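In: Coordinates for the following, if possible.
(chains A, B and C)
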Amino acid sequence: MGNPNILDDVFENFVNGVKLFKDREVLRHDYLPDKLPHRESQIRLLGCAVAPVLKDARCSNIFIYGKTGTGKTAVTKYVLSHLEAKAKEYGASVRFCYVNCRMTGTEYRIFANLSQSVGLMIPFTGLSVGEVFDRFRAGLDATKTLFIVVLDEVDALIKDRGDGLLYELTRINETLHKSRVSLIGISNDLRLKEFLDPRVFSSLSEEEMIFRPYDASELRNILHERSKLSFNEGSLSEAALNVCSALAAAEHGDARRALDLLRVAGEVAERQGAQIVTEDHVKEAERNIEHNRVVEALKNLTLHSKLVLLSVYHLNKSSVTTGEIYDVYDKICSELGAGLLTQRRLGTLVNELDVMGLLNAKVVSMGRYGRTKKIRLEIPRTLIKEVFGSDDRIGLLVGGTQTFLSRNSS
DNA sequence: CGTCCACAGGAATGACGGGCGG
DNA sequence: CCGCCCGTCATTCCTGTGGACG
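Out: Okay, the predicted model is just below:
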């Protein structure tokens, strides 16, 4: 039994301490506010584009570009939810389905998702993609609706799956009799058209919208609006608000990031029992967010990705090559009794770690001495220790300790 | 100026566990 | 229960290549 006073203190503080938050849900980025400052014109534009469905006409396909946190998803959801309400009022048969392509992952699951929203049950595996598509088309045509498909983060899908799904969807109206489909594609990558078949691209972007990043003062307004709902009066300092806006503006005007900062800053302040959220809490929050991001990423790596990272760690040089990593990795594997992957495979693992920002990999040519990747650790060495084992344990780890394997199994 | 290193990274293929329809 | 198809991870085989060296 521990000392009950320790917890008493914590709970006491939580219940009776100063409450900074009124409702922290408001600061989550999936929260949809009923007002989207600085996006009025985009809302109007998108509204105009989809309005025809209220008169039972198919609306144009729409393509929306913009970096993360510029309000693309929020505006789309906002407009569509209002459209849905209006459609009910007018008795128009309109339905929409929102799919996040990055989360949903594969064509199969996307079609399964679309099918579900026209009331079809699709097993989450077992059928061919073509079969699911046919069922979706048949199911949709039976219902006689104007169906709006929102494909969020569609760039993620196209980059690793190609544009087959989009091609099918842009052509689906040719084989539908009673229903019609409109597409809204949302992309974070402004150069998406380079990856697309020109025919697909042209039919997909009958209308195009671009979301510019927010600047610092716009972010400030957004945060201000939200903070009125999420924080109790007087518990958020002007300075904190400004720093949040400035930090997020520096990072391509990402409102999502700004909201995260504000929320975490509030949590930090609350934990410290502060009366008011200050600038320092925001800075602390910034460090926390990054720290958590990396720790989460590290913990969720597969065994071999961890081993690759450890190999880089052990080499302990400012920059290493693929071959060097492979040698060390080879040694670690045999000492751990773990199966060995090929160098080809290791190369793609390194690339994955690069994308995650844990490593930095750059192809360089060393002329006579070949062509390889220069790889650097992108995170503090101390963090690797923190996650993979404490202090000198790592040294032993190469000797093959049990602790290491069990650490990986969870 | 060609060679040739030490890989990069694409394509095809296979093993595997999950899950269906019949 | 079988046969089929799914996505994922991994292997095998392969062609491509920037630039220092000779």
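
In: Which residues of chain A lie near DNA strand C?
Out: Listed as neighbours of DNA strand C in chain A under the rule C-beta under 7 Å from any atom of the strand: A:105-109, A:125-130, A:302, A:304, A:339-342, A:344-345, A:365-371. In this view, the C-beta of every residue, glycine as well, is placed from N, C-alpha and C.

In: Weed out the non-buried ones from these.
Out: A:107, A:108, A:109, A:127, A:129, A:304, A:341 (16 or more other C-beta atoms under 10 Å).

In: Tell me which entries of those lie within helices.
Out: Among those, the members falling in helices (DSSP state H) are A:107, A:108, A:109, A:129, A:304.

In: Could you list the buried residues of the helix or strand hosting residue A:249?
Out: Per DSSP states H and E: residue A:249 is located in helix A:238-250. Across helix A:238-250, burial judged by 16+ other C-beta under 10 Å covers A:240, A:241, A:242, A:243, A:244, A:245, A:247, A:248, A:249.

In: how much space between the closest residue in space to residue A:329 that isn't next to it in sequence and residue A:35?
Out: Among residues not flanking residue A:329 along the chain, residue A:311 sits closest, at 4.3 Å (C-beta to C-beta, 6 or more residues apart in numbering). Here the criterion is C-beta to C-beta, to the nearest Å. By it, residue A:311 lies 51 Å from residue A:35.

In: Look at the two and report which has more neighbours.
Out: residue A:311 (24 against 10; other C-beta atoms under 10 Å).

In: Touching, the more buried one and residue A:336? I think so.
Out: No. Between residue A:311 and residue A:336 there is no contact under C-beta atoms under 8 Å: 11.9 Å.

In: chain center to stretch A:136-149, what's the gap?
Out: Offset of stretch A:136-149 from its chain centre (C-alpha atoms, centre = their mean, to the nearest Å): 29 Å.

In: With just CA atoms, put that stretch into PDB.
Out: The C-alpha coordinates for stretch A:136-149 follow below in PDB (Å, rounded to 0.1, in the frame of the first residue of the first chain):
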ATOM      1  CA  PHE A 136     -21.900  -0.500 -54.400                       C
ATOM      2  CA  ARG A 137     -23.100   0.600 -57.800                       C
ATOM      3  CA  ALA A 138     -26.100  -1.700 -57.700                       C
ATOM      4  CA  GLY A 139     -27.000  -0.700 -54.200                       C
ATOM      5  CA  LEU A 140     -26.700   3.000 -55.100                       C
ATOM      6  CA  ASP A 141     -28.700   2.700 -58.200                       C
ATOM      7  CA  ALA A 142     -31.500   1.000 -56.400                       C
ATOM      8  CA  THR A 143     -31.900   4.000 -54.100                       C
ATOM      9  CA  LYS A 144     -32.300   6.800 -56.500                       C
ATOM     10  CA  THR A 145     -30.200   9.400 -54.800                       C
ATOM     11  CA  LEU A 146     -27.700  12.100 -55.500                       C
ATOM     12  CA  PHE A 147     -24.700  10.800 -53.800                       C
ATOM     13  CA  ILE A 148     -21.800  13.000 -52.800                       C
ATOM     14  CA  VAL A 149     -18.600  11.200 -52.100                       C
END
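
In: List the buried residues of it.
Out: Applying 16+ other C-beta under 10 Å to stretch A:136-149 flags A:136, A:137, A:139, A:140, A:141, A:145, A:146, A:147, A:148, A:149 as buried.

In: which sections of chain A are below the confidence cut-off?
Out: A:1-4, A:10, A:12-18, A:105, A:123-127, A:159-162, A:194-195, A:389-410 (pLDDT under 70).

In: can you do 80?
Out: For chain A, the stretches flagged by pLDDT under 80 are A:1-20, A:29, A:102-109, A:116, A:118-132, A:156-165, A:168, A:190-201, A:205, A:389-410.
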